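*Asks:* How does the following fold in three dimensions:
(2 chains)
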Protein chains: 2
Amino acid sequence: MSAKTTRDHIVEAANQLFYHQGYEHTSFSHIADAVQISRGNFYYHFKSKDEILDAVIDARLANTRKMLEQWEAEGDSPEDRIRSFIHILIVNRNPIKRYGCPVGTLCTELAKLNHASKTEANRLFTLFRTWLRRQFTLLGHKSDADALAMHLLARSQGVATLANAFHDEKFIRQEVKQMCDWLESYTKGAECDGK
Amino acid sequence: MSAKTTRDHIVEAANQLFYHQGYEHTSFSHIADAVQISRGNFYYHFKSKDEILDAVIDARLANTRKMLEQWEAEGDSPEDRIRSFIHILIVNRNPIKRYGCPVGTLCTELAKLNHASKTEANRLFTLFRTWLRRQFTLLGHKSDADALAMHLLARSQGVATLANAFHDEKFIRQEVKQMCDWLESYTKGAECDGK
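*Replies:* The predicted structure is shown next:
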């Protein structure tokens, strides 16, 4: 027995469609068809596509927080945890090759639309940034922890964009390896300074 | 006296609008309004938005080729020329902060739309990739020239995506400096090997 409500199903379907075909291209009909509910039932839950977008962003924020907490719990060290972040490029390589990064592509689209929810969507990036910054701080970095977090976030975004254009898995794996090597060089530096 | 035709004006306006607000969001009307021509005149030149898109991609390919040729002519060394590539992040920082990279964001959008012209748009990336690869080859790199080209392209894309989300000019400048440092380390290596 699923505890999921009709509202949950709508948000899930919209989340997938926004990711796969873009927010602007996705219509109310696309979402209602995917959930297989009547227009009446649909409008009972959401009056506009903007409302659905806000619910999708909320769901993504909640899912991201959950994922980061899980990495936090499972990783034995900050280095391990940062490696979990780097490895989502491999874990999610198939959707990334087809649709790019869900965070980057949504933020980019909403920026172009100058959409009222763009700031809210950017909080997805901020979640990763703050979490990564904390890991680098735990590794002994202070003034440069935020720059290191932004650097890694940028590299990961760039790999997703080019993987989407060139569908090249070998490229993803090479870049992931380089990011891990880069991380190792910073870890060693921190250990030397801090211990 | 301008030699520009009405068709050129339409393509230019569409190019800007696709960049600023996205392809899907831009309508025939938006473009006609920007060019200030009648619907009749407009339809005489283009029958569909897809046709305009193809013309926009052709224009971007031509402009990119021209820019790369200019960097080629002006740069005293391959290193200088690659630096020209890295520095477009600073030269174009204001539009990038508002709208992201014109190449990356168009390719990403067309991939999501599974648009017939997505392969053609990806040729914009391929132009940069081939050009950068050649510069790295001239620097003495052989088997890794393409990987270095893709790495730099990815880093540049990632910086554009995060600059668009966070509007942070300091971040752009820091990353550009790091890319130049990275380039220098590879130049020195190549010089040691090759000379």
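
*Asks:* and the residue of chain A found nearest chain B, helix, strand or coil?
*Replies:* Minimum separation of chain A from chain B (Cβ to the nearest Cβ) falls at A:Gly158, amounting to 3.0 Å. C-betas here are computed from N, CA, C, even on glycine. Classification of A:Gly158 using DSSP: H, G, I helix; E, B strand; the rest coil returns helix.

*Asks:* For it, give me its contacts.
*Replies:* With contacts defined as Cβ atoms under 8 Å, 6 or more residues apart in numbering or on different chains, A:Gly158 is in contact with B:153-159, B:161.

*Asks:* Just the buried residues out of the residues you listed, in PyMOL syntax.
*Replies:* Per 16 or more other Cβ atoms under 10 Å in any protein chain shown, the buried members of these correspond to this PyMOL selection:
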select buried, chain B and resi 153+154+155+156+157+158+159+161
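
*Asks:* which two from the contacts of A:Gly158 end up farthest apart in space?
*Replies:* Within the contacts of A:Gly158, B:Leu153 and B:Thr161 form the most distant pair, 12.8 Å apart (Cβ to Cβ).

*Asks:* Write out the residues of chain A neighbouring chain B.
*Replies:* A:20-22, A:24-25, A:98-100, A:104-105, A:107-109, A:111-114, A:122, A:125, A:147, A:150-151, A:153-159, A:161-162, A:164-166, A:171, A:174-175, A:178 (Cβ under 8 Å from any Cβ of the partner chain).

*Asks:* how about 7 Å then?
*Replies:* Contact residues (Cβ under 7 Å from any Cβ of the partner chain) of chain A with chain B: A:20-22, A:24-25, A:99-100, A:104-105, A:107-109, A:111-113, A:122, A:125, A:147, A:150-151, A:153-159, A:161-162, A:164-165, A:171, A:174-175.

*Asks:* which ones among these are found in helices?
*Replies:* Using DSSP state H, the subset of the residues of chain A next to chain B located in helices is A:20-21, A:99, A:104-105, A:107-109, A:111-112, A:122, A:125, A:147, A:150-151, A:153-159, A:161-162, A:164-165, A:171, A:174-175.

*Asks:* can you give me phi and psi for A:Ile52?
*Replies:* With angles defined as degrees, to the nearest 10, A:Ile52 sits at phi -70, psi -40.

*Asks:* buried set for the worst-scoring helix or strand of chain A on mean pLDDT?
*Replies:* Counting by mean pLDDT, DSSP states H and E, chain A has its least confident helix or strand at helix A:169-194, which shows a mean of 82. Neighbour-count burial for helix A:169-194 flags A:171-172, A:174-176, A:178-179, A:183, A:186-187, A:190 (criterion: 16+ other Cβ under 10 Å).
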